[in-house]
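# got a predicted structure plus its sequence, pasted below:
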Amino acid sequence: MPIYRLIQREGVFTPEEITAISEAFETVLRELGLVNRSDPLVESVAAQTMELAKAGERDHDRLLAQVLAIFGQSTRKAG
């Protein structure tokens with residue numbers, strides 16, 4: 001899974017931050033309908049997620065919204 005390699009490489013996140021980043025990544029993949037972890041788009045989602053996290057965004061909801069916006073999506077409200 002690409003996000004976990006990137007998180008390990010950085011080695012600067014707390015366990016709570018890793019959880020938030022990982023969960024945001026997984027949610028983005030679900031929202032975009034990406035299931036093939038070998039898909040280059042999955043790598044792109046991972047890279048964008050990590051760039052935002054490295055820039056300081058560690059909040060799950062904001063990270064999710066920002067990554068989805070990059071890929072032309074918006075967060076769906078649970079009903």
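Cool, the structure landed. Everything numeric here is computed off the predicted structure, so don't read it as measured data.

# the helices in the protein, which residues?
Listed in chain order, the helices of the chain (DSSP state H) span 2-10, 15-32, 40-54, 60-70.

# just put the ones you listed in a markdown table and tack on mean pLDDT.
A markdown table is the format used below for the helices of the chain (pLDDT from 0 to 100):
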| stretch | mean pLDDT |
| --- | --- |
| helix 2-10 | 75 |
| helix 15-32 | 93 |
| helix 40-54 | 93 |
| helix 60-70 | 94 |
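
# list the contacts for the residue sitting nearest the centre point of the chain?
Geometric centre of the chain, nearest residue: Phe25, 2.7 Å, by C-alpha atoms, centre = their mean. Counting by C-beta atoms under 8 Å, 6 or more residues apart in numbering, Phe25 makes contact with Ile3, Val45, Ala46, Thr49, Val67. For the C-beta atoms, the positions are set from N, CA and C on the backbone; glycine is no exception.

# any idea how far the first one is from Ala24?
Ile3 is 9 Å from Ala24, where distance means C-beta to C-beta, to the nearest Å.

# what is in contact with these two at once?
Thr49.

# more neighbours, those two?
Neighbours were counted for Ile3 and for Ala24 using other C-beta atoms under 10 Å; Ala24 has more, 27 against 24.

# the more buried one touches Leu63, doesn't it?
Yes - with contacts counted by C-beta atoms under 8 Å, Ala24 reaches Leu63, the gap being 4.2 Å.

# and for these two, which residues touch both?
In contact with both Ala24 and Leu63: Thr49, using C-beta under 8 Å, 6+ apart.

# could I have the buried ones of the contacts of Phe25 as ChimeraX selection syntax?
The ChimeraX selection below is limited to those of those classed as buried (16 or more other C-beta atoms under 10 Å):
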select :3,45,46,49,67
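
# redo the contacts of Phe25 as CSV? Include distance to Glu17.
Shown next, in CSV, are the contacts of Phe25 (distance: C-beta to C-beta, whole Å):
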residue, distance to Glu17
Ile3, 12
Val45, 18
Ala46, 15
Thr49, 12
Val67, 15
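
# right, I'll leave it there.
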